[in-house]
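In: A predicted structure for the sequence below; I have some questions about it.
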Amino acid sequence: MKNEMPKLPYPQNGLEPVISAETIEFHYGKHLQTYVTNLANLTQGTEFEQKEVEEIVSTAPDGGIFNNAGQVLNHTLYFLQFTAPGVGHTPEGKLAELIQRDFGSLEELKKQMEEAAITLFGSGWAWLSLDKEGKLQITKETNANNPLRQGNKPLLCIDVWEHAYYIDYRNRRADHVKKLWEIIDWQVIANRL
Ligand code: MN
(Lines give C-alpha, C1' and ligand atoms only; values in the text may rest on other atoms or scores of the structure.)
Protein backbone atom coordinates (compact mmCIF):
# COMPACT_ATOMS: atom_id res chain seq x y z
CA MET A 1 0.00 0.00 0.00
CA LYS A 2 0.99 3.61 -0.52
CA ASN A 3 1.53 5.92 2.41
CA GLU A 4 -1.88 7.60 2.46
CA MET A 5 -5.06 7.77 4.51
CA PRO A 6 -7.32 4.75 3.83
CA LYS A 7 -10.89 5.58 2.88
CA LEU A 8 -13.20 4.32 5.61
CA PRO A 9 -15.97 1.98 4.39
CA TYR A 10 -18.37 3.38 7.04
CA PRO A 11 -19.43 6.83 8.25
CA GLN A 12 -17.69 8.35 11.28
CA ASN A 13 -20.56 7.26 13.56
CA GLY A 14 -21.00 3.90 11.79
CA LEU A 15 -19.33 1.83 14.51
CA GLU A 16 -21.34 3.21 17.42
CA PRO A 17 -21.86 2.26 20.17
CA VAL A 18 -18.73 0.08 20.08
CA ILE A 19 -16.46 2.89 18.86
CA SER A 20 -17.81 6.45 18.99
CA ALA A 21 -17.66 9.06 16.24
CA GLU A 22 -15.42 11.11 18.54
CA THR A 23 -12.90 8.28 18.83
CA ILE A 24 -12.88 7.88 15.03
CA GLU A 25 -12.41 11.64 14.71
CA PHE A 26 -9.29 11.52 16.91
CA HIS A 27 -7.91 8.04 16.31
CA TYR A 28 -8.36 8.00 12.53
CA GLY A 29 -8.50 11.73 11.82
CA LYS A 30 -5.61 12.85 14.04
CA HIS A 31 -3.44 9.92 15.20
CA LEU A 32 -3.35 8.06 11.89
CA GLN A 33 -3.03 11.31 9.94
CA THR A 34 0.01 12.20 12.06
CA TYR A 35 1.69 8.85 11.31
CA VAL A 36 1.05 9.33 7.57
CA THR A 37 2.46 12.87 7.67
CA ASN A 38 5.48 11.87 9.76
CA LEU A 39 6.30 8.94 7.48
CA ALA A 40 6.15 11.19 4.41
CA ASN A 41 8.46 13.71 6.06
CA LEU A 42 10.93 11.15 7.43
CA THR A 43 11.30 9.20 4.18
CA GLN A 44 11.70 12.26 1.94
CA GLY A 45 15.03 11.97 0.12
CA THR A 46 15.79 8.52 1.57
CA GLU A 47 15.88 5.05 0.00
CA PHE A 48 12.39 4.49 1.49
CA GLU A 49 10.66 7.43 -0.21
CA GLN A 50 9.10 5.44 -3.08
CA LYS A 51 8.61 2.18 -1.23
CA GLU A 52 5.35 0.53 -0.28
CA VAL A 53 4.50 0.69 3.41
CA GLU A 54 4.70 -3.12 3.77
CA GLU A 55 8.25 -3.12 2.38
CA ILE A 56 9.31 -0.38 4.81
CA VAL A 57 7.82 -2.33 7.73
CA SER A 58 9.69 -5.46 6.60
CA THR A 59 13.07 -3.86 6.00
CA ALA A 60 13.55 -0.53 7.80
CA PRO A 61 15.88 -0.53 10.81
CA ASP A 62 14.37 0.18 14.23
CA GLY A 63 13.67 3.90 14.57
CA GLY A 64 11.38 6.66 13.40
CA ILE A 65 10.79 5.48 9.84
CA PHE A 66 9.91 1.97 11.01
CA ASN A 67 7.73 3.26 13.86
CA ASN A 68 5.63 5.49 11.62
CA ALA A 69 5.40 2.95 8.79
CA GLY A 70 4.34 0.30 11.29
CA GLN A 71 1.63 2.53 12.65
CA VAL A 72 0.37 3.44 9.15
CA LEU A 73 0.12 -0.27 8.26
CA ASN A 74 -1.33 -1.29 11.63
CA HIS A 75 -4.02 1.40 11.63
CA THR A 76 -4.95 0.83 7.99
CA LEU A 77 -5.55 -2.87 8.67
CA TYR A 78 -7.33 -1.95 11.90
CA PHE A 79 -9.80 0.60 10.51
CA LEU A 80 -10.58 -1.43 7.38
CA GLN A 81 -11.49 -4.58 9.35
CA PHE A 82 -14.63 -3.03 10.88
CA THR A 83 -18.24 -2.74 9.82
CA ALA A 84 -21.49 -1.68 11.47
CA PRO A 85 -22.39 -3.72 14.59
CA GLY A 86 -24.03 -7.05 13.80
CA VAL A 87 -23.47 -7.16 10.03
CA GLY A 88 -19.95 -8.64 9.93
CA HIS A 89 -21.12 -12.24 9.47
CA THR A 90 -19.05 -15.13 10.82
CA PRO A 91 -15.92 -16.76 9.43
CA GLU A 92 -16.60 -18.93 6.40
CA GLY A 93 -14.70 -21.23 4.03
CA LYS A 94 -10.94 -21.52 4.38
CA LEU A 95 -10.79 -19.09 7.32
CA ALA A 96 -13.40 -21.08 9.25
CA GLU A 97 -11.45 -24.29 8.57
CA LEU A 98 -8.19 -22.79 9.84
CA ILE A 99 -9.86 -21.45 12.98
CA GLN A 100 -11.36 -24.88 13.68
CA ARG A 101 -8.03 -26.63 13.07
CA ASP A 102 -5.77 -24.24 15.02
CA PHE A 103 -8.06 -23.08 17.85
CA GLY A 104 -10.86 -25.64 17.99
CA SER A 105 -13.53 -22.93 17.83
CA LEU A 106 -14.13 -19.25 17.14
CA GLU A 107 -14.90 -18.77 20.84
CA GLU A 108 -11.45 -20.08 21.75
CA LEU A 109 -9.78 -17.76 19.21
CA LYS A 110 -11.66 -14.79 20.69
CA LYS A 111 -10.71 -15.81 24.22
CA GLN A 112 -7.01 -16.07 23.39
CA MET A 113 -7.05 -12.81 21.42
CA GLU A 114 -8.76 -10.98 24.30
CA GLU A 115 -6.22 -12.42 26.72
CA ALA A 116 -3.33 -11.18 24.56
CA ALA A 117 -4.86 -7.70 24.23
CA ILE A 118 -5.75 -7.35 27.90
CA THR A 119 -2.42 -8.60 29.28
CA LEU A 120 -0.16 -6.68 26.89
CA PHE A 121 1.81 -4.33 29.14
CA GLY A 122 1.93 -0.75 27.87
CA SER A 123 1.20 0.29 24.28
CA GLY A 124 0.92 -2.16 21.42
CA TRP A 125 -1.25 -4.54 19.45
CA ALA A 126 -2.68 -8.03 19.68
CA TRP A 127 -2.48 -9.76 16.29
CA LEU A 128 -3.96 -12.75 14.57
CA SER A 129 -1.63 -13.72 11.75
CA LEU A 130 -0.74 -16.59 9.46
CA ASP A 131 2.76 -17.90 10.11
CA LYS A 132 5.21 -19.17 7.50
CA GLU A 133 3.92 -22.74 7.91
CA GLY A 134 0.35 -21.61 7.22
CA LYS A 135 -0.79 -21.85 10.84
CA LEU A 136 -2.88 -19.19 12.57
CA GLN A 137 -1.17 -17.59 15.55
CA ILE A 138 -1.88 -14.89 18.09
CA THR A 139 0.93 -12.60 19.21
CA LYS A 140 1.41 -9.54 21.35
CA GLU A 141 3.37 -6.85 19.53
CA THR A 142 4.71 -3.81 21.36
CA ASN A 143 4.48 -0.24 20.09
CA ALA A 144 4.39 -0.15 16.25
CA ASN A 145 5.25 -3.78 15.58
CA ASN A 146 3.43 -5.94 13.05
CA PRO A 147 3.71 -9.70 12.35
CA LEU A 148 5.00 -8.81 8.87
CA ARG A 149 8.30 -7.88 10.54
CA GLN A 150 8.81 -11.62 11.24
CA GLY A 151 7.58 -12.63 7.78
CA ASN A 152 4.07 -13.57 8.94
CA LYS A 153 0.83 -12.42 7.30
CA PRO A 154 -1.24 -10.01 9.45
CA LEU A 155 -4.98 -10.77 9.48
CA LEU A 156 -6.76 -9.10 12.41
CA CYS A 157 -5.61 -6.69 15.09
CA ILE A 158 -6.63 -5.05 18.33
CA ASP A 159 -5.05 -1.69 19.10
CA VAL A 160 -4.42 -1.35 22.83
CA TRP A 161 -2.69 2.00 22.80
CA GLU A 162 -4.78 4.05 25.22
CA HIS A 163 -5.79 6.46 22.43
CA ALA A 164 -7.83 3.59 20.91
CA TYR A 165 -10.26 3.38 23.83
CA TYR A 166 -9.77 6.13 26.39
CA ILE A 167 -12.47 8.49 25.09
CA ASP A 168 -15.16 5.78 25.17
CA TYR A 169 -14.02 3.33 27.84
CA ARG A 170 -11.55 5.34 29.96
CA ASN A 171 -9.34 2.80 31.73
CA ARG A 172 -11.59 -0.21 30.95
CA ARG A 173 -9.44 -1.83 28.27
CA ALA A 174 -11.01 -5.27 28.75
CA ASP A 175 -14.56 -3.94 28.18
CA HIS A 176 -13.43 -2.28 24.96
CA VAL A 177 -11.63 -5.37 23.67
CA LYS A 178 -14.62 -7.66 24.26
CA LYS A 179 -16.98 -5.27 22.42
CA LEU A 180 -14.82 -5.18 19.28
CA TRP A 181 -16.07 -8.59 18.09
CA GLU A 182 -19.44 -6.93 17.32
CA ILE A 183 -17.86 -4.87 14.53
CA ILE A 184 -15.30 -7.24 13.00
CA ASP A 185 -16.01 -7.91 9.32
CA TRP A 186 -14.94 -11.53 8.92
CA GLN A 187 -15.19 -11.28 5.13
CA VAL A 188 -12.39 -8.69 5.23
CA ILE A 189 -10.28 -10.97 7.44
CA ALA A 190 -10.89 -13.94 5.10
CA ASN A 191 -9.82 -11.83 2.12
CA ARG A 192 -6.45 -11.19 3.79
CA LEU A 193 -5.57 -14.89 3.92
MN1 MN B 1 -3.99 3.57 17.45
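Out: It's in.
In: does the ion sit close to the longest helix anywhere in the chain?
Out: In the chain, taking DSSP state H as the definition, the longest helix is helix 64-80. No: Helix 64-80 lies out of reach of the ion by CB under 5 Å from the ion, never closer than 5.6 Å. Quick note: C-beta positions are derived from backbone N, CA and C, even for glycine.
In: what is the mean pLDDT for that helix?
Out: For helix 64-80, the mean per-residue pLDDT is 98.
In: Kindly report the same for stretch 183-193.
Out: 97.
In: So which residues on this protein come close to the ion?
Out: 159, 161, 164.
In: switch the cut-off to 6 Å
Out: Within the chain, the positions near the ion by CB under 6 Å from the ion are 27, 31, 75, 159, 161, 163-164.
In: Next, check those against the helices and list the overlap.
Out: Using DSSP H, those in helices are H75.
In: The closest residue to F66 other than its chain neighbours: what's it in contact with?
Out: Excluding its sequence neighbours, the residue lying closest to F66 (CB to CB, 6 or more residues apart in numbering) is A60, at 4.1 Å. By CB atoms under 8 Å, 6 or more residues apart in numbering, the contact list for A60 reads 48, 66, 69.
In: could you dump those residues to TSV with neighbour count?
Out: Shown next, in TSV, are the contacts of A60 (neighbours: other CB atoms under 10 Å):
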residue	neighbour count
F48	20
F66	23
A69	29
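In: Quick check, pLDDT for E141.
Out: On the pLDDT scale, E141 gets 97.
In: How many neighbouring residues does E133 have?
Out: For E133, the neighbour count with other CB atoms under 10 Å is 7.
In: Secondary structure element holding it?
Out: Of the helices and strands defined by DSSP states H and E, none includes E133.
In: Okay, M5 and L136: tell me how far apart.
Out: 29 Å (CB to CB, to the nearest Å).
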